[in-house]
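Colleague: heads up, no residue letters with this:
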């Protein structure tokens, strides 16, 4: 790979947003695994999606007949989503949900909750979700399974190119801090861009306890995707 001299560390998704779907090989078929659970547990049509990213799933849900409000904390992802989602999309921090509205369902997929740093941030998120659900409404989210820590304990490295842009992608877990660090390096013509993403891997017992604490009945589906993701469904009483 060609190595440029100048390098710059940038915010999460500041560059990755443009190639996220291609890098993760995410097309509409990848999202089918979540759709039966949404159909089963969200009985109404009004959905808030947290961490909507590039907006692909929001558009799928819209095509399925749902009234979707998409959201993300990333401005870059918000801009990218304009290419994929023809609907309402707001910038929103899931730790501080304050909307003058309630929903039949709230969803958060693709390990987005793992970006939260600690129990306090999770509790704040769950409390905001509870307060914005209609009675009987469901909160559906997935998180890294604990097995992911073992998967990446010896590290992972990928070097390739997308749309003519060379990149390096490394993943390393830390069994002590229970984190997974993903580092991206993008080699442009005139500079190197670096993004670092750290996700926490949470104990299922803790997530279940906090869901119950805010008043949500819990359905827990371990190995929703084998050795990769667990699925959680919290229903407002």
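Modeller: Yes, it's here. Being a predicted model, the structure only gives us computed values, none of them experimental.
Colleague: domain assignment for the protein?
Modeller: In terms of domains, the chain is parsed into 7-15+148-199, 24-144+202-236 (source: automatic domain parsing).
Colleague: wait, residue 236 sits on residue 127?
Modeller: No. The criterion here is Cβ atoms under 8 Å, and residue 236 misses it with residue 127 at 12.0 Å. Yep, even glycine has a C-beta here, placed from its N, CA and C like the rest.
Colleague: those two: which has the busier surroundings?
Modeller: Counted by other Cβ atoms under 10 Å, residue 236 and residue 127 do not tie: residue 236 has more neighbours, with 20 against 16.
Colleague: pLDDT value on the residue nearest to that one when sequence neighbours are not counted, please?
Modeller: In space, and not counting its chain neighbours, residue 236 is closest to residue 133: 4.4 Å by Cβ to Cβ, 6 or more residues apart in numbering. For residue 133, the model assigns a pLDDT of 98.
Colleague: what about residue 133, how many residues close to it?
Modeller: A total of 22 residues lie near residue 133 under the criterion other Cβ under 10 Å.
Colleague: I figured it hits residue 106, correct?
Modeller: Yes. Taking Cβ under 8 Å as the definition, residue 133 is a contact partner of residue 106 at 6.2 Å.
Colleague: which neighbours do those two share?
Modeller: residue 139 (Cβ atoms under 8 Å, 6 or more residues apart in numbering).
Colleague: now stretch 9-19: buried residues?
Modeller: By neighbour count on 16 or more other Cβ atoms under 10 Å, the buried set for stretch 9-19 is 12-19.
Colleague: avg pLDDT for it?
Modeller: Taken as a whole, stretch 9-19 has a mean pLDDT of 85.
Colleague: regarding it, how distant is the last residue from the first?
Modeller: The first and last residues of stretch 9-19 sit 17 Å apart, counting by Cα to Cα, to the nearest Å.
Colleague: same question, stretch 39-57
Modeller: Taking Cα to Cα, stretch 39-57 runs 14 Å from one end to the other.
Colleague: what comes up buried for it?
Modeller: 41-42, 46-57.
Colleague: distance from it to the middle of the chain?
Modeller: Its chain's C-alpha centre lies 12 Å from the corresponding centre of stretch 39-57 when counted by Cα atoms, centre = their mean, to the nearest Å.
Colleague: now swap in stretch 147-161 and tell me
Modeller: When C-alpha coordinates are averaged (Cα atoms, centre = their mean), stretch 147-161 and its chain have centres 19 Å apart.
Colleague: can you list contacts of that stretch?
Modeller: 1, 166-175, 178, 180, 201, 227-228.
Colleague: rerun that using 6 Å as the cut-off
Modeller: 168-173, 175, 180, 201, 227 (Cβ atoms under 6 Å, 6 or more residues apart in numbering).
Colleague: how about stretch 63-72?
Modeller: 45-52, 55, 58, 61-62, 78, 85, 87-90, 92.
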